[in-house]
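>>> Show me how the following folds:
(chains A and B)
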Amino acid sequence: MSIQKSLEPTVRNGMKTLFDVEVPTVEFQETRKEFDGDITVVVFPFLRFTKGNPFEIATKLGEYLKESVEEISDFNVVKGFLNLVISDIYYLNSFSKIYKNSNYGITKPELEDKSVMVEYSSPNTNKPLHLGHIRNNLLGYSVAEIIAASGKKVYKTQIINDRGIHICKSMLAWERFSNGETPESTGLKGDKLVGNYYVKFDQEYKKEIEELIKDGVNEKEAKKNAPILQEAQNMLRKWESGDEKVVTLWKTMNQWVYDGFDKSYKELGVNFDINYYESNTYLLGKDVVAEGLEKGVFFKKEDGSVWIDLTDEGLDEKIVLRADGTAVYITQDIGTAIQRIKDYADINSMVYTVGNEQDYHFKVLFLILKKLGYKWAQNLYHLSYGMVDLPSGKMKSREGTVVDADDLMIEMTNTARDISQELGKLEAYSGEEKEKLYNTIGLGALKYYILKVDPKKRILFDPKESIDFNGNTGPFIQYTYARIQSILRKANFDYSHEIIGISLHKKEKELIKLLENFPEIIKNAAENLSPALIANYTYDLVKAYNSFYQTVPILNCENIDEKVLRIQLSKRVGDVIKTSFKLLGIDVPERM
RNA sequence: GCCCUUGUAGUUCAACGGAUAGAACAAAAGUUUCCUAAACUUUAGAUCUAGGUUCGAUUCCUAGCAAGGGUACCA
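Model prediction:
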């Protein structure tokens, strides 16, 4: 329990006793470091309830608190800010509790709590993963971990977009141009191989259009009537009717892609509890639309298409089923959501990690599900995030301006290797150990770089300026962790006993204050679906620890009690770094 | 046109409506007989504009400007 919470009733009592007013809430903040004190009561808001000079109110309140609260050793007033000095005994006690809790910061789920499903990644099976997917995966995975740490059971999932005309395009191109190439025969990752044929299709398609235009066909007609496109459409019809040959090819090529994706996911350190496939859920969506039509949630236009009217909600009319009865994007999403609740009776909340270009789509989706009468529809959240842009603008696969996920991860590891070798601290380790470490550091840099930014904001990524390894970065934090482990390795004596009755150094107090905040930070990050809060907190903690490390001796400390406390502090700071980095999906090294 | 998001040092990011707007990179200067210098300590530098609400506004409201996105029987 934080000191704030325990002080709040006392402050309220004080206001009642001194001025005979009931104040509804008390505003606390950390005392700025240029003033004396640890915690500050903001007195200005009380002026609404009692007249008077804020300075005098604060002074009287300060006297009252000093009298009645043991932990408050002194106070001072600046304008309407009442700065309270908290005694070292309080901090030692508080730290002792933190130190005893070996799983500090993590809340275990209660049995009766409802679970949350977090969706992320959701790739297109025609395109290898790129930098944008990396942000999506890191965000989704991290948010899932954070929610779990805040005390809820979490299922991680993705929806795989495995059907439609675009799939047929790469299938057709492969049939025509590949001479039977496979991932095995070429050594290419399956997703890359299939991606190549998707590009190949586009090239051939463009060629055919040009030729048709040369023959005097107008552009619109040419685009529509290019033979290769028609053949792809034909293939889709065959797929939908269950043509054996087409379905077999579809399964084979999809499997190549999944195998390729699995490698990337593994390298990135993300995973899923269950996958959903669009090919399995789009039909359910159509059934639900039919039901909703009967209930009057939807209406039918003359041409047979089905719509929902959301003008009352300030939105437009939105189509949910085409005139020919085929499903649109949102039809399938309706089906998927309902399927998930059917599959997992214990979930009552879902988080969708999808880019902000789909804000409108999810607003509509959630509204539709509410109107269909699903109770859980009020607990749906769109974790909307900004795009990752290059200096040249948006990433476009056709223009070759895509930063490939696999390539980027390799590049990061290479940079880590270069820097590490230059520093030359790792001579004693085997080649295998070193490579693992380079990977940990390189990916740490990449993940932290992306996760430290507020999800809502777009990220500008300049491939020419490589990601930093110094300053507010993943490796900076990893380095601090490694340094702490080094201290702990050297502290080969029993330092477990509780320390009481010593006076604290300023830097020690700072660390304890920061440690106290950790559980609250996790809760906040879970509520706001924001890993950035964890990243920024960890940075602050590490910054404070490094300053502490540089200012005071730890192992060389002469007073044994102080030495033990400092080692304990180091231990706990290291644990918190490890825990929060785990929530970000980042590994920490024992040495670097 | 309408709707949504974002505008903070040269650059990349912070700041429940609170005190003198914090960091990092880049720039300038310092700290290794001492626990890992991927560190630490200094210096210099910013709230898009105009109004409003408030004891107090980077934060809330209104208008404008700028960037991005959406507004499709694409996903």
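
>>> domains of chain A?
The record's domain split for chain A, according to automatic domain parsing, is A:3-86, A:163-270.

>>> Tell me which of those domains sits nearest to RNA strand B.
Of all the domains of chain A, the one in closest proximity to RNA strand B, counting by C-beta to the nearest atom of the strand, is domain A:3-86 (3.2 Å). All C-beta spots, glycine's among them, are computed from the backbone N, C-alpha and C.

>>> And that closest one, end to end?
9 Å (C-alpha to C-alpha, to the nearest Å).

>>> Ok, stretch A:155-171 next?
End-to-end distance (C-alpha to C-alpha), stretch A:155-171: 32 Å.

>>> quick check: longest strand of chain A.
Longest strand in chain A, counting residues (DSSP state E): strand A:347-355.

>>> Output that strand as CSV - backbone C-alpha positions only.
Output of strand A:347-355 as CSV, limited to C-alpha atoms (Å, rounded to 0.1, in the frame of the first residue of the first chain):
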residue,chain,number,x,y,z
ILE,A,347,-13.9,-14.6,-22.0
ASN,A,348,-16.0,-11.5,-21.8
SER,A,349,-13.6,-9.0,-23.3
MET,A,350,-11.5,-8.7,-26.5
VAL,A,351,-8.7,-6.5,-27.6
TYR,A,352,-8.0,-6.0,-31.4
THR,A,353,-4.5,-4.9,-32.3
VAL,A,354,-5.0,-3.2,-35.7
GLY,A,355,-3.7,-0.1,-37.3
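
>>> So for residue A:542, which of the domains of chain A sits nearest?
domain A:3-86 (17.4 Å; C-beta to C-beta).

>>> hmm, the longest strand of chain A in reach of RNA strand B?
No: under the criterion of C-beta under 7 Å from any atom of the strand, RNA strand B is not reached by strand A:347-355; the shortest gap measures 7.7 Å.

>>> So what's the gap between that strand and the chain middle?
12 Å (C-alpha atoms, centre = their mean, to the nearest Å).

>>> and it, what other elements does it pack with?
In terms of contacts (3 or more C-beta pairs under 8 Å, 6 or more residues apart in numbering; DSSP states H and E), strand A:347-355 is packed against strand A:115-119, helix A:131-149, helix A:329-343, strand A:380-385.

>>> As a markdown table, these with mean pLDDT would be great.
Below are the helices and strands packed on strand A:347-355 laid out as a markdown table (pLDDT from 0 to 100):
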| stretch | mean pLDDT |
| --- | --- |
| strand A:115-119 | 96 |
| helix A:131-149 | 95 |
| helix A:329-343 | 93 |
| strand A:380-385 | 94 |
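
>>> Generate JSON lines for the ones you listed, with distance to residue A:374 as supplementary columns.
Formatted as JSON lines, these follow (distance: least, C-beta to C-beta, whole Å):
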{"stretch": "strand A:115-119", "distance to residue A:374": "14"}
{"stretch": "helix A:131-149", "distance to residue A:374": "21"}
{"stretch": "helix A:329-343", "distance to residue A:374": "7"}
{"stretch": "strand A:380-385", "distance to residue A:374": "9"}
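
>>> so which of these gets nearest residue A:505?
helix A:131-149 (30.5 Å).

>>> That closest one versus strand A:115-119: what angle between them?
Calculated by axes from the mean of the first three to the mean of the last three C-alpha atoms, to 10 degrees, helix A:131-149 forms an angle of 170 degrees with strand A:115-119.

>>> Off-centre distance for helix A:131-149?
With C-alpha atoms, centre = their mean, you get 3 Å for helix A:131-149.

>>> Check stretch A:223-231 too.
With C-alpha atoms, centre = their mean, you get 42 Å for stretch A:223-231.

>>> list the buried ones in that stretch?
Neighbour-count burial for stretch A:223-231, counted by 16 or more other C-beta atoms under 10 Å, picks out A:223, A:226, A:228-229.

>>> tell me the two of these that are most distant?
A:223 and A:228 (11.4 Å).

>>> can you tell me the residue of the stretch 351-500 of chain A closest to RNA strand B?
residue A:471 (2.0 Å).

>>> So that residue: helix, strand or coil?
When classified by DSSP: H, G, I helix; E, B strand; the rest coil, residue A:471 comes out as coil.

>>> quick one on the thing from earlier: looking at the domains of chain A, which is nearest to residue A:479?
Across these, closest to residue A:479 is domain A:163-270 (C-beta to C-beta), at 19.6 Å.

>>> Span of the closest one from start to end?
OK, domain A:163-270 end separation, C-alpha to C-alpha: 24 Å.

>>> Just checking the distance from that domain to the centre of its chain.
With C-alpha atoms, centre = their mean, you get 32 Å for domain A:163-270.

>>> do stretch A:386-394 as well
For stretch A:386-394, the distance to the chain centre is 19 Å (C-alpha atoms, centre = their mean).

>>> buried residues in it?
Per 16+ other C-beta under 10 Å, stretch A:386-394 contains these buried residues: A:386-390.

>>> ditto for stretch A:560-572
Buried, per 16+ other C-beta under 10 Å, within stretch A:560-572: A:562-572.

>>> now swap in stretch A:168-181 and tell me
For stretch A:168-181, by 16+ other C-beta under 10 Å, it's A:168-175.

>>> can you give me the helices in the stretch 301-450 of chain A?
A:329-343, A:359-371, A:405-423, A:431-451 (DSSP state H, counting those that start in this stretch).
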